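Student: Here is my input; please provide its structure:
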Amino acid sequence: MTGTILAPRIAARLLEWNDAPTPLIPRVISMRPKIPLILAYHAVSSKWHSPLAVTEQSFFEQMRVIHERGFVAYTVSELERCRQAGEVAPRSVAITFDDGFASVVRASEIMEHFGFRGTLFIVTHFVATGKALDWFGLPTPSAGSTSQIRSVDWNDVERLASAGWEIGSHTVTHPRLATCDAAMMAEELGASRQTIAQRLGGCEAIAYPYGESELAVANAAGAAGYLVGCTLTGAHLHDRPLLRPRISMSTHDVRLRLRLHLSSASLIARRSAPARAARSLRRERSWLPPLAK
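Tutor: Numbers count the residues shown, from 1 in each chain. Below is the predicted model:
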């Protein structure tokens with residue numbers, strides 16, 4: 001992990017020096033990423049103390065900085081079409097939300113203040129049934145705060161779509177797709193897309209559960225009809241239409257740390273050889289369903 005962490009720390013120090021009244025070094029780190037940013041959130045809540053939740057205060061600050069820096073916000077599919085046409089704005093960002101936590105409604109209100117729309121990836125089983133979100137590895141809220149894992153419902157989804165949001169798939173039940181056989185994988189990818197398309201007229205994007213995807217999963221997503229697929233890993237191993245990497249956002253991403261997240265240095269570090277090596281050596285996480293032996 002040392003190589004993964006060291007590069008961002010050096011980059012952060014350079015950014016800090018460049019904030020001085022008289023920069024001590026040339027401005028070697030550009031705040032204009034050549035590669036579009038795709039940011040990943042889950043819940044936005046000041047009441048749920050979970051790694052999946054960003055406080056409203058931090059989220060507002062993140063949106064404010066993105067807006068002040070002149071980023072153009074796209075939905076994931078809009079951004080993908082622009083990328084394939086070679087027409088991406090110099091500062092481009094897609095703001096995405098996984099899982100379909102009901103708190104995305106509050107997040108949308110904050111984003112609307114800055115004129116931003118986002119992409120919401122929903123787990124269709126929970127949207128349809130109204131059951132609380134529940135899958136392997138999902139943190140359990142403390143007593144009295146179970147509302148934090150409530151799913152959006154179709155009314156929420158339709159209101160967001162009417163406001164210009166993109167609604168993408170996060171599968172039917174949120175399995176680790178690499179553990180699924182071909183038939184189950186096709187069902188999870190295809191049925192969720194079909195359900196969303198029937199309700200809203202289309203579904204072009206998917207975010208893979210647990211943020212991971214293999215080439216076989218990406219190929220299955222393409223066969224199911226998706227235009228773009230999103231991953232979520234620290235190291236960016238691939239960057240192609242059905243394997244678009246994202247940057248995970250947290251409550252702590254404010255001030256200098258936020259500036260780094262929005263910089264070319266962050267993207268370079270995530271695509272570096274040390275980051276890739278660290279990824280290959282990483283042990284299985286406790287919140288991931290185990291792979292078959």
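Student: From now on I want contacts and neighbour counts done on CA atoms only, so please keep to that.
Tutor: Will do.
Student: which non-adjacent residue is nearest Phe60?
Tutor: Nearest residue to Phe60, sequence neighbours excluded (C-alpha to C-alpha, 6 or more residues apart in numbering): Ile110, at 6.4 Å.
Student: The one you found: what secondary structure?
Tutor: Reduced to three states with DSSP: H, G, I helix; E, B strand; the rest coil, the structure at Ile110 is helix.
Student: For the stretch 101-250 of the chain, which segments are assigned as strands?
Tutor: 119-122, 166-169, 205-207, 228-230, 247-248 (DSSP state E, counting those that start in this stretch).
Student: what's the closest of the ones you listed to Phe60?
Tutor: Among those, strand 247-248 comes nearest to Phe60, with 16.0 Å by C-alpha to C-alpha.
Student: any idea of the mean pLDDT in the closest one?
Tutor: For strand 247-248, mean pLDDT is 94.
Student: Over to stretch 268-280?
Tutor: On average, stretch 268-280 scores 71.
Student: again, but for stretch 99-108
Tutor: 98.
Student: Quote the end-to-end distance of it.
Tutor: In stretch 99-108, first residue to last residue: 15 Å (C-alpha to C-alpha, to the nearest Å).
Student: now stretch 138-156
Tutor: 22 Å.
Student: quick check, distance from that stretch to the centre of its chain.
Tutor: 19 Å (C-alpha atoms, centre = their mean, to the nearest Å).
Student: next one: stretch 58-78
Tutor: 13 Å.
Student: if we can go back for a sec, and the strands of the stretch 101-250 of the chain as a markdown table, adding distance to Ile149 and mean neighbour count?
Tutor: Formatted as a markdown table, these follow (distance: least, C-alpha to C-alpha, whole Å; neighbours: other C-alpha atoms under 10 Å):
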| stretch | distance to Ile149 | mean neighbour count |
| --- | --- | --- |
| strand 119-122 | 13 | 28 |
| strand 166-169 | 18 | 30 |
| strand 205-207 | 19 | 29 |
| strand 228-230 | 22 | 26 |
| strand 247-248 | 19 | 20 |
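Student: Out of those, the one nearest Ala197 is which?
Tutor: strand 166-169 (9.3 Å).
Student: which helices and strands does that closest one pack with?
Tutor: Applying 3 or more C-alpha pairs under 8 Å, 6 or more residues apart in numbering; DSSP states H and E, we find strand 166-169 packed against strand 119-122, helix 154-162, helix 182-200, strand 205-207.
Student: Buried ones in stretch 184-194, by neighbour count?
Tutor: Neighbour-count burial for stretch 184-194 flags 185-186, 188-194 (criterion: 16 or more other C-alpha atoms under 10 Å).
Student: now swap in stretch 48-62 and tell me
Tutor: Those would be 48, 50, 52-56, 58-62, for stretch 48-62 by 16+ other C-alpha under 10 Å.
Student: Can you tell me what sits against it?
Tutor: 41-47, 107, 110-111, 139, 141, 145, 148, 249-254, 258 (C-alpha atoms under 8 Å, 6 or more residues apart in numbering).
Student: Sort out which of the residues you listed are buried, if you could.
Tutor: 41-45, 107, 110-111, 148, 249-251, 253-254, 258.
Student: Can you give the domain ranges for this structure?
Tutor: Following automatic domain parsing, one gets these domains for the chain: 1-30+263-282, 37-251.
Student: Tell me which of the ones you listed lies nearest to Pro290.
Tutor: Nearest of the domains of the chain (C-alpha to C-alpha): domain 37-251, 8.0 Å.
Student: what distance separates that closest one from the centre of its chain?
Tutor: Using C-alpha atoms, centre = their mean, the offset of domain 37-251 from its chain centre is 6 Å.
Student: picking that back up, could you export the helices and strands packed on strand 166-169 as JSON lines, including mean pLDDT?
Tutor: Below are the helices and strands packed on strand 166-169 laid out as JSON lines (pLDDT from 0 to 100):
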{"stretch": "strand 119-122", "mean pLDDT": "98"}
{"stretch": "helix 154-162", "mean pLDDT": "98"}
{"stretch": "helix 182-200", "mean pLDDT": "98"}
{"stretch": "strand 205-207", "mean pLDDT": "98"}
